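A.B. asks: Here is a sequence with its predicted model. Questions after.
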Amino acid sequence: MKQGDVHSIRPWMTVPYIAHICQVPQSYLYGVLHLPNKRESGHTTLQAVATRDHVPVEKVIRTVQNAILLYRQQHARNSFVPASFTHKYLTAGRAMT
C-alpha cells in the first residue's frame, strides 16, 4: 500500500488509519462521514459506515477519496496529486454522490 494513495482505501479501514496514511485531519474525515469525533468512533470501519447509511461501501470509499482530494487541493502546500488529477476525480465524485 502506497502512503497517501487514496486508491488504497479499503472497507476495513478506520478514520484514524486513513487520516494517518493520507495525512489529513481525523476531525475532517469524521465530519465527512457524519461520525462523532469520539474515542469509540475510532474503531468504526468504512464498511460499518456503509451499513449504517444503507449504501454500498464503494460509495463511502469514493466519498472519502473525494474528500481527501478536495482537502489536498484546498491545502495545496501539502498536496500529493496534481490539480488536474484532483479536478477530474472531484468532478466525477460529485456526479456519483
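C.D. replies: It's in.

A.B. asks: Against which helices or strands is the longest helix anywhere in the chain packed?
C.D. replies: What stands out as the longest helix in the chain, according to DSSP state H, is helix 57-74. If you count contacts as 3 or more C-beta pairs under 8 Å, 6 or more residues apart in numbering; DSSP states H and E, helix 57-74 packs onto helix 15-22, helix 26-33, helix 46-53, helix 83-96. For every residue, glycine as well, the C-beta is placed using N, CA and C.

A.B. asks: rank these by mean pLDDT and give me the bottom one.
C.D. replies: Among those, helix 83-96 carries the lowest mean pLDDT, a mean of 46.

A.B. asks: that older thread, would you mark the buried spots in the longest helix of the chain?
C.D. replies: Residues of helix 57-74 classed as buried: 57, 60-73 (neighbour count, 16 or more other C-beta atoms under 10 Å).

A.B. asks: quick one: it to helix 46-53, angle?
C.D. replies: For helix 57-74 against helix 46-53, the angle between stretch directions is 110 degrees (axes from the mean of the first three to the mean of the last three C-alpha atoms, to 10 degrees).

A.B. asks: what angle do helix 57-74 and helix 15-22 make?
C.D. replies: Using the same axes, to 10 degrees: helix 57-74 against helix 15-22 is 50 degrees.

A.B. asks: Contacts only, for the spatially most central residue of the chain.
C.D. replies: For the chain, the residue nearest the mean C-alpha position is V64 (2.3 Å; C-alpha atoms, centre = their mean). Applying C-beta atoms under 8 Å, 6 or more residues apart in numbering to V64 gives the contacts V6, I9, I18, L29, V32, L33, L46.

A.B. asks: residues in contact with the second one?
C.D. replies: Listed by C-beta under 8 Å, 6+ apart, the contact partners of I9 are I18, C22, L46, I61, V64, Q65.
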